[in-house]
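> I'll drop the sequence and a predicted model, then ask my questions.
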Protein chains: 2
Amino acid sequence: MTTKTLDPIPHPAREELELAAVLHALSDPMRLRIVAGLARGDARSCVSFSLPVTKSTCTHHFKVLREAGVIRQRQEGTARLNTLRRDDLDARFPGLLDTILSAAG
Amino acid sequence: MTTKTLDPIPHPAREELELAAVLHALSDPMRLRIVAGLARGDARSCVSFSLPVTKSTCTHHFKVLREAGVIRQRQEGTARLNTLRRDDLDARFPGLLDTILSAAG
């Protein structure tokens, strides 16, 4: 049996996504690496990326990506798992994510 | 007769353009409007855009775009004219500019 609860982690709705905010979220080398990593696979935790930054900086980067609507975060036990909102991004800004991921190499 | 002078306005070379810096330069609604305007036409001055910002803010936006390599600025008399570096952007990041301009509407 599942219990329905309010989402404790706020996310903008698809129709609320703004191009400038998405571009800002992607305008950082570490965040580009995070998004490229998420684009290749399943939900991943912050630490699994082994970025050369502190844990708090990593947490900050994920927060920027979530608030811009680029990723979705969900809590599973003590872990916060992250997935790319590819469907929402592709619907609002066709081709943008793939073009940027290609440009990021 | 023309006199060759050092360019008083510094620009990054094509091979120096960085994706994160370009995305940052484009991550602002006013700068997106500037770039969309330049994409439609010839060299234009800052004031010709009639943006709802002060002249110094407008100047700042053009500086951010120039330093990221998105636009080229040249001095003509008292006017500073701006052009989009479409060839350089398309060479380094294929499809990026057009995708963002489409998404910007």
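Yes, it's here. Numbers count the residues shown, from 1 in each chain, chains lettered A, B, ... in the order given.
> show me the residues around the spatially most central residue of chain A that make contact.
The residue lying closest to the centre of chain A (Cα atoms, centre = their mean) is A:Ile71, at 2.4 Å. If you count contacts by Cβ atoms under 8 Å, 6 or more residues apart in numbering or on different chains, A:Ile71 has them with A:34-35, A:38, A:62, A:65, A:82-85. (C-beta placed from N, C-alpha, C; glycine too.)
> Report the secondary structure state of A:Arg74.
Secondary structure, DSSP: H, G, I helix; E, B strand; the rest coil: A:Arg74 is strand.
> Enumerate the residues of chain A near chain B.
By Cβ under 8 Å from any Cβ of the partner chain, the residues of chain A that approach chain B are A:19-21, A:23-24, A:26-29, A:32, A:92-96, A:99-100, A:102-104.
> Which of the residues you listed fall in helices?
Under the assignment DSSP state H, these contribute A:19-21, A:23-24, A:29, A:32, A:92, A:96, A:99-100, A:102-104 to helices.
> filter the residues of chain A next to chain B to the buried ones?
A:19-21, A:23-24, A:26-28, A:32, A:92-93, A:95-96, A:99-100, A:103-104 (16 or more other Cβ atoms under 10 Å in any protein chain shown).
> still on that earlier bit, keep only those of the contacts of A:Ile71 that are in helices.
A:34-35, A:38, A:62, A:65.
> okay if I get those as TSV plus distance to A:Pro8?
Formatted as TSV, the ones in helices among the contacts of A:Ile71 follow (distance: Cβ to Cβ, whole Å):
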residue	distance to A:Pro8
A:Ile34	21
A:Val35	23
A:Leu38	21
A:Phe62	15
A:Leu65	17
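> Out of the residues you listed, flag the one nearest to chain B.
If you rank the ones in helices among the contacts of A:Ile71 by distance to chain B using Cβ to the nearest Cβ, A:Val35 comes first, at 11.2 Å.
> Contacts only, for that closest one.
Here A:Val35 is in contact with A:26, A:65, A:70-71, A:84, A:97, A:100-101, A:104 (criterion: Cβ under 8 Å, 6+ apart).
> Show me which pair in the residues you listed is furthest apart.
Within the contacts of A:Val35, A:Ile71 and A:Ala104 form the most distant pair, 15.4 Å apart (Cβ to Cβ).
> How is the residue nearest to A:Glu16 when sequence neighbours are not counted assigned, secondary-structure-wise?
Spatial nearest neighbour of A:Glu16, chain neighbours left out: A:Gly69 (7.0 Å); criterion: Cβ to Cβ, 6 or more residues apart in numbering or on different chains. Three-state assignment for A:Gly69 (three-state DSSP): coil.
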